[in-house]
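S.K.: The following comprises the amino acid sequence and a computationally predicted model.
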Amino acid sequence: DVKVTQSSRYLVKRTGEKVFLECVQDMDHENMFWYRQDPGLGLRLIYFSYDVKMKEKGDIPEGYSVSREKKERFSLILESASTNQTSMYLCASSLGTHWDGYTFGSGTRLTVV
Amino acid sequence: AQRVTQPEKLLSVFKGAPVELKCNYSYSGSPELFWYVQYSRQRLQLLLRHISRESIKGFTADLNKGETSFHLKKPFAQEEDSAMYYCASDRGSTLGRLYFGRGTQLTVWP
């Protein structure tokens, strides 16, 4: 019973391409998050959203944008992919109060060549 | 500045030995604290949270406000405990975001 679905498990893109990473959750969660996961650096927050059409910058938003047109869908956009954006991208969602913690997607491994 | 610190990048123990994964936080208020685990080729999942004071898979974690620590402990490690462990804090955030440490890779040898 997958609850947070990331559309692609692996992606390979060329430098300069515009890249869309999609995330869908079926738990009616208010909050959604995009992290990147790099060895030795842990999880770093890129953007998050606590409501439809709302977005907040995380710690490393440069080079990224997001879209949340519907409650269940949160998209991460790389406007012009660069090699330093090669990483594992994790989507997560949570209720308005985060006492239950996050539910994570399985991740998208993006390689920019 | 690192808000959640996991000082050990790698930790190895033998099966049956006690294990302690360290986590320190730098927030002076009363944050909520969590431990997440990622087994090989699986998604990141919640292991336990401070507020529920529960024991999951034999792991416990006690909040020590004096030392600002939330160390994860298990008295007898098992091979299936081998995974990446992340400590996380909300730092009192009302927006539901969590701050993660850099993670500790635990290996339990047979």
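M.R.: Ah, there it is.
S.K.: List of residues touching stretch B:19-30?
M.R.: Judged by C-beta atoms under 8 Å, 6 or more residues apart in numbering or on different chains, the contacts made with stretch B:19-30 from elsewhere in the structure are B:1-8, B:11, B:13, B:31, B:33, B:35, B:61, B:65, B:67-74, B:77, B:81, B:85, B:87, B:89, B:91-92, B:101, B:104, B:106, B:108. To be clear about C-beta, it is placed using only N, CA and C from the backbone, and glycine gets the same treatment.
S.K.: Those in strands, which ones?
M.R.: Restricting the contacts of stretch B:19-30 to those inside strands, with DSSP state E as the criterion, leaves B:4-5, B:11, B:13, B:33, B:35, B:61, B:69-74, B:85, B:87, B:89, B:104, B:106, B:108.
S.K.: Report the buried members of the residues you listed.
M.R.: When neighbours are counted using 16 or more other C-beta atoms under 10 Å in any protein chain shown, the ones in strands among the contacts of stretch B:19-30 contain these buried positions: B:4-5, B:11, B:13, B:33, B:35, B:61, B:69-72, B:74, B:85, B:87, B:89, B:104, B:106, B:108.
S.K.: List, one by one, the residues from chain A near chain B.
M.R.: Proximity of chain A to chain B is assessed by C-beta under 8 Å from any C-beta of the partner chain, with A:30-31, A:33, A:35, A:40-45, A:48, A:50, A:56, A:58, A:90, A:92, A:94-102, A:104-107 identified as the residues in range.
S.K.: does the closest residue to residue A:11 other than its chain neighbours sit in a helix or strand, and which one?
M.R.: Nearest non-adjacent residue to residue A:11, counting by C-beta to C-beta, 6 or more residues apart in numbering or on different chains: residue A:110, 4.8 Å away. With secondary structure defined by DSSP states H and E, residue A:110 is part of strand A:108-112.
S.K.: Which strands or helices does that strand pack on?
M.R.: The contact analysis (3 or more C-beta pairs under 8 Å, 6 or more residues apart in numbering or on different chains; DSSP states H and E) places strand A:108-112 against strand A:10-13, strand A:19-21, strand A:87-94.
S.K.: Export these as CSV, with columns for mean pLDDT and mean neighbour count.
M.R.: Formatted as CSV, the helices and strands packed on strand A:108-112 follow (pLDDT from 0 to 100; neighbours: other C-beta atoms under 10 Å in any protein chain shown):
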stretch, mean pLDDT, mean neighbour count
strand A:10-13, 96, 13
strand A:19-21, 97, 18
strand A:87-94, 95, 23
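S.K.: need the residues of chain B near chain A, please.
M.R.: By C-beta under 8 Å from any C-beta, the part of chain B that sits against chain A consists of B:6, B:9, B:32, B:34, B:36, B:42-46, B:49, B:51, B:86, B:90, B:95-103.
S.K.: Buried among those? Make that a PyMOL selection.
M.R.: This is the PyMOL syntax for the buried subset of the residues of chain B next to chain A, where burial follows 16+ other C-beta under 10 Å:
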select buried, chain B and resi 6+32+34+36+43+44+46+49+86+90+96+97+98+99+100+101+102+103
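S.K.: I'd like to check the angle between the strand holding residue A:110 and strand A:87-94, please.
M.R.: 150 degrees (axes from the mean of the first three to the mean of the last three C-alpha atoms, to 10 degrees).
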